[in-house]
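Participant: Sequence and computational prediction follow.
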Amino acid sequence: MTRSITLEQGRPLRHGRRRPRAFAAAGLGLALGVPLAVAPVATPGAAAATAAGAGTHSGATTTVARAAARQIAYRGFDTGAQLKSGTATGVLVRQGRLHLAPPAAPSTGPTSGQSSGRAPTTSTRLVGSTRYEQGTWDSPWVTPGFSFTELIPSWSARTPGNSFIEIRLRGRDASGRLSSWDVVARWAATDRYLRRTSFGTQPDDLASLAVDTWRASAGLAAYQVRVTLARRAGGSAAPTLDSVGAVASRLPTTAGPTSKPGSARGTVLDVPRYSQMIHRGHYPAWDGGGEAWCSPTSTSMVLGYYDRLPAAREYAWVPAGHVDPWVDFAARSTYDVAYQGAGNWPFNVAYAAPRIGHGYVTRLRSLREAEPFLLAGVPLVASLAFARGQLTGAPISSTAGHVLVIVGLTATGDVVVNDPASTSRAGVRRTYDRAEFERAWLEGSGGTVYVLQRR
């Protein structure tokens, strides 16, 4: 028996209330080490990039979907050289990571022709009643090569102690007009000192923010990402940033013709199976489990695949007898207090990426562009939506947004998934018709995926 669940783009709707809300041309090779790669991992071969019809811009990694119908470009800043291409104030690039500079020591000034050797200057600010020292990093202007209407950032960072990071975006239109810097997220790995949050729509005449997606209906020509690193003033624990990036897109509302399967036919990855529904009623403070936890459950399945689930001591607060307690932990670790849910796309990536090695949010143009990931042993967390009768065999009859894991393809090219909406582990593994799935995915979320992989 199927059930109807009301969700939106992988973000559950509570009590029927609507919430605001990369391999391929936009990602093919983005993490497999082919010419479009963000991180050098497994290499399926340069032919994968050619098959995607993608291109590469110089500098930090940029990939562009050449097909006019589905324009997508991901740009990542991951290596030391890429991070050094930005503008830093109060932060340092060291060993391939962005570090908050130590407080500047007093100095009588440099002698003639010499540097003082002082650290870059940090500033201070109040968040609530706590004063923090902070530094910022601004990316260079990124020009995707088309007028984009949506931008989704993602990042991987560590925030020990009382520290956090903030992500901001700003854009420029074709006439050169600038938007304001819009705050996308204030993020910390734990909720001990700070409540992790996205930010709603902010006064701006060029773009608006819907949870984790920055939207500019008239289109923008370029964008910048700003990262703020902050630690409690006087404290020694400081955040570090491993990578940051964003996927820009301009997409049609329909999926178009179904893609033809390629060489990944018959490839199925051994991803463990977890059910979100067995957590129904768990922790109302973090959206109550069940239908609300599709994203953290899917993210946990990928962590389990890489043998990178949290240690038992990390979720010791979960009562004995809770099945798969690491899913409860993941829901807490991805919960967005403003959105009131655990379905924030970048928050899920930010939780998992430091545990696995690397991660980002991107969009793909088709299932064909998912194949190099599968061939390289990388499962994809995907967001989709469908009406009644549009996805045969799904454990739910309809959804305005759901998240699951693409784990492989059958010999005929249909899609093998781990769908957490099953009422038990036994029913999580499903096979969906290729055309039905591709339509639900591309039209439901623009082909959004979380890419989580080892370095």
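Facilitator: Good, I have the coordinates.
Participant: Helix or strand for residue 256, just tell me which one.
Facilitator: Under the criterion DSSP states H and E, no helix or strand holds residue 256.
Participant: where's the closest residue in space to it that isn't next to it in sequence relative to residue 325, distance?
Facilitator: In this structure, residue 256 finds its nearest non-sequential neighbour in residue 69, 6.2 Å apart by C-beta to C-beta, 6 or more residues apart in numbering. Quick note: C-beta positions are derived from backbone N, CA and C, even for glycine. Using C-beta to C-beta, to the nearest Å, residue 69 is found at 44 Å from residue 325.
Participant: In terms of neighbours, single out the busier of the two.
Facilitator: More crowded of residue 69 and residue 325, by other C-beta atoms under 10 Å: residue 325, with 21 against 12.
Participant: The more buried one: what's it in contact with?
Facilitator: Listed by C-beta atoms under 8 Å, 6 or more residues apart in numbering, the contact set of residue 325 reads 315, 318.
Participant: what kind of secondary structure is residue 169 in?
Facilitator: Recorded secondary structure, residue 169: strand (DSSP: H, G, I helix; E, B strand; the rest coil).
Participant: count of neighbours near it?
Facilitator: So residue 169, with other C-beta under 10 Å, has 22 neighbours.
Participant: can I assume it is in contact with residue 222?
Facilitator: No - assessed by C-beta atoms under 8 Å, residue 169 is found out of contact with residue 222, at 11.3 Å.
Participant: Let me know the pLDDT of residue 316.
Facilitator: Residue 316 is assigned 96 on the pLDDT scale.
Participant: Quick check: which ranges of the stretch 201-350 of the chain have low pLDDT?
Facilitator: For the stretch 201-350 of the chain, the stretches with pLDDT under 70 are 203.
Participant: Spell out the residue ranges of the helices in it.
Facilitator: Ranges of helices in the stretch 201-350 of the chain, per DSSP state H, counting those that start in this stretch, are 294-305, 325-334, 345-356.
Participant: Could you report the separation of the residue nearest to residue 256 from residue 178?
Facilitator: 29 Å.
Participant: got a list of what residue 305 touches?
Facilitator: Going by C-beta under 8 Å, 6+ apart, residue 305 touches 269, 270, 271, 272, 379.
Participant: Looking at the residues you listed, which one is closest to residue 209?
Facilitator: Closest approach to residue 209 among the contacts of residue 305 (C-beta to C-beta): residue 379, at 29.1 Å.
Participant: Quick check: that closest one touching residue 304?
Facilitator: No - Residue 379 is not in contact with residue 304 according to C-beta under 8 Å; the separation is 10.4 Å.
Participant: Need the residues touching each of those two.
Facilitator: Common contacts of residue 379 and residue 304 (C-beta under 8 Å, 6+ apart): residue 271.
Participant: Please say which of those two ends up with more neighbours.
Facilitator: residue 379 (28 against 17).
Participant: Kindly state the pLDDT recorded for the more buried one?
Facilitator: pLDDT recorded at residue 379 is 98.
Participant: Tell me the secondary structure at residue 176.
Facilitator: coil.
Participant: Can you give me the neighbour number for it?
Facilitator: Residue 176 has 8 nearby residues by other C-beta under 10 Å.
Participant: part of a helix, is residue 124?
Facilitator: No - counting by three-state DSSP, residue 124 is not found in a helix; it is strand.
Participant: So what pairs up with it in the strands?
Facilitator: Residues in a beta bridge with residue 124, per DSSP bridges, are residue 133.
Participant: residues touching residue 157, list them.
Facilitator: Counting by C-beta under 8 Å, 6+ apart, residue 157 touches 165, 187, 189, 239, 240, 241, 242, 350, 354.
Participant: Next, count neighbours for the first one.
Facilitator: To tie it back to what came earlier, the one meant is residue 165. Residue 165, neighbours per other C-beta under 10 Å, totals 26.
Participant: Helix or strand: which one has it?
Facilitator: Element membership for residue 165, per DSSP H and E: strand 163-172.
Participant: Packing partners of that strand?
Facilitator: Contact partners of strand 163-172 among helices and strands, from 3 or more C-beta pairs under 8 Å, 6 or more residues apart in numbering; DSSP states H and E: strand 148-158, strand 182-187, strand 213-220, strand 222-232, strand 240-250.
Participant: Please repeat the previous calculation with a cut-off of 10 Å.
Facilitator: When contacts are defined as 3 or more C-beta pairs under 10 Å, 6 or more residues apart in numbering; DSSP states H and E, strand 163-172 sits against strand 97-100, strand 130-138, strand 148-158, strand 182-187, strand 213-220, strand 222-232, strand 240-250, helix 345-356.
Participant: Redo these as TSV? Include distance to residue 434.
Facilitator: Below are the helices and strands packed on strand 163-172 laid out as TSV (distance: least, C-beta to C-beta, whole Å):
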stretch	distance to residue 434
strand 97-100	40
strand 130-138	42
strand 148-158	25
strand 182-187	34
strand 213-220	26
strand 222-232	34
strand 240-250	22
helix 345-356	24
